[in-house]
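A.B. asks: With the sequence up front, the predicted model follows.
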Amino acid sequence: MANQSTTATHFWPSSFAERGVAVPFTTPSVATARVRNGERGRLELVISGLSGGRGVYVIAWNGVPETFKLTVYDRVLHENISVIETVTPDAVREAVISASITGLAGEDAAVSASEASGRSTEDQLRISLALTSHVVKAVLDTDLDLSLAALSLPSGQEKVQSMLGRISRMLNIAPEPLSQAMTEWSDILELLGIPRQQPAGRLRKIFSDADHFRSSFRDWMRTSELDEDHPAGLVLEVLEETHTNWQTAFDEIDGFTNNPAETLKNWTRCRTNLERLSARVPWLEDGWPMIFAIWENALRADREQQLAAVSTILSGLPLLPRDEVNVNSHARWLEFAKRLGLAASRNEVRGQSNIDLQSMLRQENVLARSFG
């Protein structure tokens, strides 16, 4: 195979950049593969368990269309990603939305991508209003009681400015820096949301989706009569450990929201911490929306397809990098990596060289579900 090399029999990345970002290809042989910046910034595809092997394969990005028989949609997605300079979950998501809106991955994916693209502006406005209402209540002990429609009217805007003026005097913060801080804070929270407020924020919704997946997957394992050596349990083990890191990140983020007066009075320092956390959460969650969508799709299928879905999930199971977990957890994560390497040798999905129509259609359904 051209442009490829393998690592040892297990792969545990040291950083998020080394792990790369999951790419929702519809070609089964590269489903849940990842893209990352390699040497000199050149893009690379990272794929595990190719043709039933235990290793992780690294393929030059420009060689992917020559190495794999891709669907038309995947070729467009590949081209969209090719122009990304620095690979991040947000950059890849934009490329996926752009490719999906074309309809090449089916009407459902096009509709979901279009909705995901259009939802951002309204969510930003709603979260901004929710944050303002929360701060007004916490600092002034007063309900703002303002709808999104009313906020667009001069009277609604005057009401908000009046409340912010009162907060400015109470916290001894000049009106202009206060307004700027509120704007920056709501921008950061656009994807993270505010506890117990709607909209939840896309990244917070992914966090909550994990509970449904855990329950569903655990129930399936209990009733599916798996072989004793089947590696499906590894999915839940990795998710449990990952979920702890998600929870820690959101607890830190929500700590600023729970004490808005102190956050605003120390905004420069708090903004730096919030920006760090808001950049970390997408990396922590990367790959899991596809896994949740794969499983949701498989629940409506027969047992054989469910087992195939588990195999696909294992091939793309996101391991938290070495530098992102507590040193006391290193042994556990290294064991996860070794077990995933063994699971790869049982994976028949990666051995497919031709595009199977039914498998491709299933991947398109998964793509449509994954936008959140």
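C.D. replies: Yep, that arrived. Quick caveat, the model's predicted, so the values are computed rather than measured.

A.B. asks: Can you give me the pLDDT of Gln352?
C.D. replies: You'll see Gln352 listed with a pLDDT of 48.

A.B. asks: my bad, should have said Asp356
C.D. replies: At Asp356, the model reports a pLDDT of 72.

A.B. asks: ok, the nearest residue to it once chain neighbours are set aside - how many residues close by?
C.D. replies: Residue nearest to Asp356 in three dimensions, not counting chain neighbours: Pro28, with 6.3 Å by Cβ to Cβ, 6 or more residues apart in numbering. Bear in mind the C-beta positions are built from the backbone N, C-alpha and C, glycine included. Pro28 has 22 neighbours, counted by other Cβ atoms under 10 Å.

A.B. asks: ok, now the one 5 residues further on?
C.D. replies: Other residues near Ala33 number 24, with proximity taken as other Cβ under 10 Å.

A.B. asks: surely the residue nearest to Asp356 meets Leu361?
C.D. replies: No. The pair Pro28 / Leu361 is not scored as a contact, 10.5 Å apart, by Cβ atoms under 8 Å.

A.B. asks: Pass me the low-pLDDT residue ranges in the chain, would you?
C.D. replies: 1-10, 49-54, 345-355 (pLDDT under 70).

A.B. asks: Select the longest helix from it.
C.D. replies: The longest helix of the chain (DSSP state H) is helix 107-140.

A.B. asks: Following element in sequence after it, please.
C.D. replies: Remark: after helix 107-140, the chain's next helix or strand is helix 148-151, criterion DSSP states H and E.

A.B. asks: what packs against that following helix?
C.D. replies: helix 107-140, helix 154-171 (3 or more Cβ pairs under 8 Å, 6 or more residues apart in numbering; DSSP states H and E).

A.B. asks: Okay, and Glu237 sits in which element?
C.D. replies: Glu237 belongs to helix 233-258, assigned by DSSP H and E.

A.B. asks: ok so, going back, could you list every helix and strand that the longest helix of the chain packs against?
C.D. replies: Using 3+ Cβ pairs under 8 Å, 6+ apart: helix 107-140 touches helix 89-101, helix 148-151, helix 154-171, helix 175-188, helix 260-265, helix 357-369.

A.B. asks: Now these in a markdown table, please, with extra columns for mean neighbour count and distance to Val21.
C.D. replies: Shown next, in a markdown table, are the helices and strands packed on helix 107-140 (neighbours: other Cβ atoms under 10 Å; distance: least, Cβ to Cβ, whole Å):
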| stretch | mean neighbour count | distance to Val21 |
| --- | --- | --- |
| helix 89-101 | 20 | 5 |
| helix 148-151 | 13 | 33 |
| helix 154-171 | 14 | 38 |
| helix 175-188 | 16 | 21 |
| helix 260-265 | 18 | 30 |
| helix 357-369 | 20 | 15 |
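
A.B. asks: can you put these in TSV and add distance to Gly287?
C.D. replies: TSV is the format used below for these (distance: least, Cβ to Cβ, whole Å):
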stretch	distance to Gly287
helix 89-101	9
helix 148-151	33
helix 154-171	39
helix 175-188	23
helix 260-265	31
helix 357-369	13
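
A.B. asks: Which one of those lies nearest to Leu203?
C.D. replies: For Leu203, the closest of the helices and strands packed on helix 107-140 is helix 89-101, at 9.6 Å, according to Cβ to Cβ.

A.B. asks: Can you give me the buried ones in stretch 114-125?
C.D. replies: In terms of neighbour count (16 or more other Cβ atoms under 10 Å), stretch 114-125 has its buried residues at Ala116, Asp123, Gln124.

A.B. asks: er, stretch 30-50 actually
C.D. replies: Buried-residue list, stretch 30-50, by 16+ other Cβ under 10 Å: 30-38, 43-50.

A.B. asks: Run the chain-centre distance for that stretch.
C.D. replies: 17 Å (Cα atoms, centre = their mean, to the nearest Å).

A.B. asks: What of stretch 131-151?
C.D. replies: On Cα atoms, centre = their mean, the centre of stretch 131-151 falls 30 Å from the chain's centre.

A.B. asks: Can I get that stretch as PDB, trimmed to CA atoms?
C.D. replies: Written as PDB, here are the backbone C-alpha positions of stretch 131-151 (Å, rounded to 0.1, in the frame of the first residue of the first chain):
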ATOM      1  CA  LEU A 131     -26.300  34.400  30.300                       C
ATOM      2  CA  THR A 132     -27.600  38.000  30.700                       C
ATOM      3  CA  SER A 133     -30.700  36.700  32.600                       C
ATOM      4  CA  HIS A 134     -28.600  34.500  34.800                       C
ATOM      5  CA  VAL A 135     -26.200  37.300  35.700                       C
ATOM      6  CA  VAL A 136     -29.100  39.700  36.400                       C
ATOM      7  CA  LYS A 137     -30.700  37.200  38.700                       C
ATOM      8  CA  ALA A 138     -27.500  36.300  40.500                       C
ATOM      9  CA  VAL A 139     -26.200  39.900  41.000                       C
ATOM     10  CA  LEU A 140     -29.400  41.900  41.300                       C
ATOM     11  CA  ASP A 141     -31.800  39.100  42.500                       C
ATOM     12  CA  THR A 142     -34.200  40.300  39.700                       C
ATOM     13  CA  ASP A 143     -35.800  38.400  36.900                       C
ATOM     14  CA  LEU A 144     -35.000  39.900  33.500                       C
ATOM     15  CA  ASP A 145     -38.100  38.200  32.000                       C
ATOM     16  CA  LEU A 146     -37.300  39.000  28.400                       C
ATOM     17  CA  SER A 147     -38.000  36.900  25.300                       C
ATOM     18  CA  LEU A 148     -35.700  36.700  22.300                       C
ATOM     19  CA  ALA A 149     -38.200  38.500  20.200                       C
ATOM     20  CA  ALA A 150     -38.500  41.300  22.700                       C
ATOM     21  CA  LEU A 151     -34.700  41.600  22.800                       C
END
